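A.B. asks: next input, structure requested:
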Amino acid sequence: MFRRHAAQGGSAALAWILLDWAASAFSTILITLVVAYVERVVFADRAWGVPGGVVWAWLMAAAMLASALLTPLLAARADRTGGHKRWLLVSTAVGAGACLGLAAVPPAARLAVALVIVVAAVGFDMAQVFTGSLLPRIARGNAADRLSAAGFGAGYLGGALALVLATALVARRDALGLSAPDALRASFVVMGAWWLAFSLPAAFTSFGTERASDHAGTSAGQLLAFARSLAGGGAGGLGRVLLGAVIVLGAVQTAISQFSSLALERFNLESAALVRLVLLVQFVALPGALLIGWLSTRWSRAGALGLCLAGWLGVIVLAACVQNPGQLTGLAVLLALVLGGVQSVTRAAVAVLAPEGRFGATFGLLQVGTKLAGFVASLLFGAAYAASGESRAGLAVLFVQLAIGWWVLRRP
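C.D. replies: As a prediction, this is how the structure comes out:
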C-alpha cells in the first residue's frame, strides 16, 4: 500500500509518508514510557503537591498553549518565505533534540524534566504543522485523502516498531546493568534518534515551490489578511471546516494523551502491560486508517468523518464504564479503529480547501485552534481530576467538545 502511494507520487510522497513514520515514535513512546517515567519515577512522591497524573495533564496543557502561541508566527513566516520544509526540519531537530535531552536529565531535576517534555511536544506539534502544509503540494482532491491515510497508516506501523525497540531495551535492563529509571531514560534515546533518522529523507527531497504574490510584509499582517478572508466566508467554506476540525482534534488529542494515564491510575497497569495495550492500538489502527481513507474516497469524506466521530463518542462513554482489564482491551480496539481515521480525514479536508499561497497559514490555524481547544480540555480535565480525585471526571468535557465539533462540521 505505502509503496503504491510512493510510486504514484514519486520520492516526495515517500519522503512525506516517512515523516509520519518517524514522528510516531515520539507519540507512542510519549504515552507509554514517558508518562510512566513522569508518574512513577519523577513525580511518584507528589513532589509538587499533586498526583503525577495531574502533573502530566498540566504538562500537556502547557505544551498545547506554547504551540498555539508559536504556530501563527512560524506558519505565516513559512508562507511568506516559502520555507515550509526548512521549518519542518528545524522543528524536527528541536523536538528530537529535546527527546535526547530528556534522556540526559536526571529524574531529580524535576523542573528540567518537565521543561524538556514540553519542548519536545512543541517541536512535535510544529513538525505536524509543516508536514500538513506540504500535503497540498503533493496531492489534491481524493489523492490527498489516500496519501493522508497512507501517512497515518505508516505512522502507526513505525510508531509500533519504535515502541517495541524501546521496550526491549527496558526489558533487558538487568543484562545491560541499568536501573529501571536509567533504562527508561535510555529508551528516550530511541525515541529521539528514530524521529530524527527517518525524517532525514525529507531534507534531501524537493516538495515543489508554492508562493503567492500578495503576501503581507509581516507575519502579523499575513495572518490578519488570511483571517479576514475566512471571516468573510472565503476559501469555499474553509473557515467552518477549520472551526469544526479544531474543536474535534483538540478533544481527540487530549483524549489520546490522557487514556494512558487513566489506564495507569484505574487499573494500576505495569509499564509492560500498558505498552502491550498501545501496541494493540497501533496495529489495529493501521488498517483502520486505511479503511477510513478508502471510505472517504469511495463513499464520502463527510460520511467517513461522521462514522469516526460516532465511534469516538462511543469510546468516551465506554471509557467511563470499563471495570476490568478485559473491557479495557475491548475499548482499545474500538479506539484504534477510529483513531487515525478522524485525523486523516480532517487533514485531507483542510488540505483540499487550503488556498494557494496559504498552506502554512491554513495548517497553522488548524494547529493553533487544536492546541487552544486541547489546552482548555486538558486544563479542565486536570482540574476535574484534582477536585474529585477521580480521573474519569474529565471525560464529560471531552464528550461535549466532540459533540460540538461534529455539529459544526455537519452545518451547511
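
A.B. asks: show me what the strand or helix carrying Ser24 is packed against.
C.D. replies: Under DSSP states H and E, the secondary-structure element containing Ser24 is helix 2-29. Contact analysis of helix 2-29 by 3 or more Cβ pairs under 8 Å, 6 or more residues apart in numbering; DSSP states H and E lists helix 84-104, helix 110-138, helix 142-171, helix 180-203 as its packing neighbours. In this view, the C-beta of every residue, glycine as well, is placed from N, C-alpha and C.

A.B. asks: among those helices, which is nearest Arg358?
C.D. replies: Relative to Arg358, the nearest member of the helices and strands packed on helix 2-29 by Cβ to Cβ is helix 110-138, separated by 9.4 Å.

A.B. asks: please identify the buried residues of that closest one?
C.D. replies: Residues of helix 110-138 classed as buried: 110, 113-138 (neighbour count, 16 or more other Cβ atoms under 10 Å).

A.B. asks: returning to what we had before: tell me the helix or strand right after the helix holding Ser24.
C.D. replies: Elements were assigned by DSSP H and E; along the chain past helix 2-29, the next helix or strand is helix 35-37.

A.B. asks: okay, angle between the helix or strand hosting Val352 and helix 110-138 too, please.
C.D. replies: Assigned by DSSP H and E, Val352 falls within helix 325-353. Between helix 325-353 and helix 110-138, the angle formed by their directions is 50 degrees, by axes from the mean of the first three to the mean of the last three Cα atoms, to 10 degrees.

A.B. asks: distance from helix 325-353 to the middle of the chain?
C.D. replies: How far helix 325-353 lies from its chain's middle: 12 Å, per Cα atoms, centre = their mean, to the nearest Å.

A.B. asks: and the helix or strand that it is followed by, which residues are buried?
C.D. replies: Taking DSSP H and E as the definition, the helix or strand that follows helix 325-353 towards the C-terminus is helix 359-388. Taking 16+ other Cβ under 10 Å as the basis for neighbour counts, the residues of helix 359-388 that come out buried are 359-386.

A.B. asks: check which helices and strands helix 359-388 sits against.
C.D. replies: The criterion is 3+ Cβ pairs under 8 Å, 6+ apart, and the helices and strands that helix 359-388 contacts are helix 52-81, helix 110-138, helix 219-231, helix 238-267, helix 325-353, helix 395-410.

A.B. asks: let's see that with 10 Å instead.
C.D. replies: Judged by 3 or more Cβ pairs under 10 Å, 6 or more residues apart in numbering; DSSP states H and E, helix 359-388 is in contact with helix 52-81, helix 84-104, helix 110-138, helix 219-231, helix 238-267, helix 325-353, helix 395-410.

A.B. asks: can you name every helix or strand that the third one contacts?
C.D. replies: Spelled out, it's helix 110-138. Secondary-structure packing of helix 110-138 (3+ Cβ pairs under 10 Å, 6+ apart): helix 2-29, helix 35-37, helix 52-81, helix 84-104, helix 142-171, helix 180-203, helix 325-353, helix 359-388.

A.B. asks: now do the fourth one and helix 180-203, the angle between them.
C.D. replies: What it means is helix 84-104. Between the direction of helix 84-104 and that of helix 180-203, the angle (the same axes, to 10 degrees) works out to 170 degrees.

A.B. asks: what's the average pLDDT for helix 84-104?
C.D. replies: Along helix 84-104, the predicted local confidence has a mean pLDDT of 93.

A.B. asks: helices and strands around that helix, which ones?
C.D. replies: With contacts defined as 3+ Cβ pairs under 10 Å, 6+ apart, helix 84-104 has these neighbours: helix 2-29, helix 52-81, helix 110-138, helix 180-203, helix 359-388.

A.B. asks: what residues sit buried inside the second one?
C.D. replies: Looking back up the chat, that one is helix 52-81. Buried positions in helix 52-81, judged by neighbour count with 16+ other Cβ under 10 Å: 52-68, 70-72, 74-80.

A.B. asks: now do the fourth one
C.D. replies: By neighbour count on 16+ other Cβ under 10 Å, the buried set for helix 180-203 is 181-196, 198-199, 201-202.

A.B. asks: right, and the helices and strands packed on helix 110-138 - which one's nearest Leu274?
C.D. replies: helix 35-37 (6.7 Å).

A.B. asks: same for that closest one, what does it pack against?
C.D. replies: helix 52-81, helix 110-138, helix 180-203, helix 238-267, helix 271-298.

A.B. asks: tell me how far it lies from the chain's centre.
C.D. replies: Going by Cα atoms, centre = their mean, where helix 35-37 is centred and where its chain is centred differ by 18 Å.

A.B. asks: which one of the helices and strands packed on helix 110-138 lies closest to Gly311?
C.D. replies: When the helices and strands packed on helix 110-138 are compared for distance to Gly311 using Cβ to Cβ, the nearest one is helix 325-353, at 3.6 Å.

A.B. asks: next, the angle from the closest one to helix 2-29.
C.D. replies: For helix 325-353 against helix 2-29, the angle between stretch directions is 120 degrees (the same axes, to 10 degrees).

A.B. asks: just the angle between helix 325-353 and helix 359-388, please?
C.D. replies: Angle of helix 325-353 versus helix 359-388, following the same axes, to 10 degrees, is 150 degrees.
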